[in-house]
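Asker: 3D, please:
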Amino acid sequence: MDNQAQIEGLLFISGDEGISVAELASATGFMKPAVLEILNQLASQYTENEKSALTLLHSGETYRLATKAALAPVMKRYFETPLTVPLTPAILEVLAIIAYKQPITRIEVDEIRGVQSSGSIQKLIMRGLIEAKGRLEVPGRPYQYATTAAFLDYFGLDSLEQLPPLDDELDEASLDGDIFLRALQSRQAMNEESED
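Answerer: Got it, this is the predicted structure:
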C-alpha cells in the first residue's frame, strides 16, 4: 500500500474529529517528519487539482479532510434534502446503533457498522433525531451522540425503555433499521389492543 494512500485513508476515516500527526505516525509506523511531508504533498495536490473536491485543514497538529469552500451550496442542498425524504436503511442502521449504545462516538458507530458514518450522523442531526452530548475524554476529544426527544416523538415512544429489548436473538448484528419498524409495529399493536 502506498504511503500517501495510508495517510489519506486514515484522514478519511477520522472524519470530522480529524487525526493528529502522532496518531498518524503510530498507525502507520512512519516517523513524524515523513508524516508531515506526506500531509504537505496531499495539501498541495488538493489545492492544485481543480477537479478535486477535497482540501486538507489543520489546527495545531490535528488534520482533517473537508470539501472545498466553493462546494458549500451543493453540500448545503445535500444535507437539507433529507428533511423531505424518508430515512434510508443506512441512516436507520446508524440511528439504531446510537439509540441502543448512547452516548457513542462516530468512530464507535463506524467500528460496529464497518463503514464510515459521518454523513448519516449529519443527516440525523439535521433532522433533530440525535445530538452531540459532550465529548469523550480521550485524545482528539470526539463528540458523543445520543437521541433526542424528537427521536421518541418520531417513533411514537414515551421513553427509551420502550425500545425492543436486546436479548440473545437481538444482538449488535441486529441493530438495523428493521428494529425500529418492529418497535413501531409493536407499539401500534399495543395501542389497538388498548382501544378494544
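Asker: please parse the protein into its domains.
Answerer: Split into domains by automatic domain parsing, the chain comes to 3-67, 77-195.
Asker: take the ones you listed and write them to a markdown table, including mean neighbour count.
Answerer: C-beta coordinates here come from the backbone N, C-alpha and C atoms, glycine included. Converted to a markdown table, the domains of the chain look like this (neighbours: other C-beta atoms under 10 Å):
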| stretch | mean neighbour count |
| --- | --- |
| domain 3-67 | 15 |
| domain 77-195 | 15 |
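Asker: nearest residue to residue 112 in space, please, no chain neighbours.
Answerer: Distance criterion C-beta to C-beta, 6 or more residues apart in numbering; nearest residue to residue 112, sequence neighbours excluded, is residue 97 at 5.4 Å.
Asker: what's the offset of the host helix or strand of that neighbour from the middle of its chain?
Answerer: Using DSSP states H and E, residue 97 maps to helix 89-101. Centroid separation for helix 89-101 versus its chain: 10 Å, with C-alpha atoms, centre = their mean, to the nearest Å.
Asker: which other helices and strands contact it?
Answerer: helix 106-113, helix 118-127, strand 143-147, helix 178-195 (3 or more C-beta pairs under 8 Å, 6 or more residues apart in numbering; DSSP states H and E).
Asker: tell me the secondary structure for residue 138?
Answerer: What DSSP: H, G, I helix; E, B strand; the rest coil gives for residue 138 is coil.
Asker: next, find the distance separating it from residue 132.
Answerer: 15 Å (C-beta to C-beta, to the nearest Å).
Asker: same question, residue 36
Answerer: From residue 36 across to residue 132, the span is 30 Å (C-beta to C-beta).
Asker: skipping its backbone neighbours, what lies nearest residue 27 in space?
Answerer: Nearest non-adjacent residue to residue 27, counting by C-beta to C-beta, 6+ apart: residue 10, 5.7 Å away.
Asker: I'd assumed residue 29 was in contact with residue 6.
Answerer: No - the pair residue 6 / residue 29 is not scored as a contact, 9.4 Å apart, by C-beta atoms under 8 Å.
Asker: now residue 157: phi and psi?
Answerer: The phi/psi pair for residue 157 (degrees, to the nearest 10) reads phi -110, psi 150.
Asker: ditto for residue 22
Answerer: Residue torsions, per degrees, to the nearest 10, at residue 22 are phi -60, psi -40.
Asker: related to what we said a few turns ago, put the alpha carbons of the helix holding residue 97 into CSV.
Answerer: These are the backbone C-alpha positions of helix 89-101, laid out as CSV (Å, rounded to 0.1, in the frame of the first residue of the first chain):
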residue,chain,number,x,y,z
PRO,A,89,-31.8,1.8,5.7
ALA,A,90,-28.2,3.1,6.3
ILE,A,91,-29.4,6.1,8.3
LEU,A,92,-31.8,3.9,10.3
GLU,A,93,-29.0,1.5,11.0
VAL,A,94,-26.8,4.3,12.4
LEU,A,95,-29.8,5.6,14.4
ALA,A,96,-30.4,2.1,15.9
ILE,A,97,-26.8,1.8,17.0
ILE,A,98,-26.9,5.3,18.6
ALA,A,99,-30.3,4.6,20.3
TYR,A,100,-29.0,1.4,21.9
LYS,A,101,-25.4,2.4,22.6
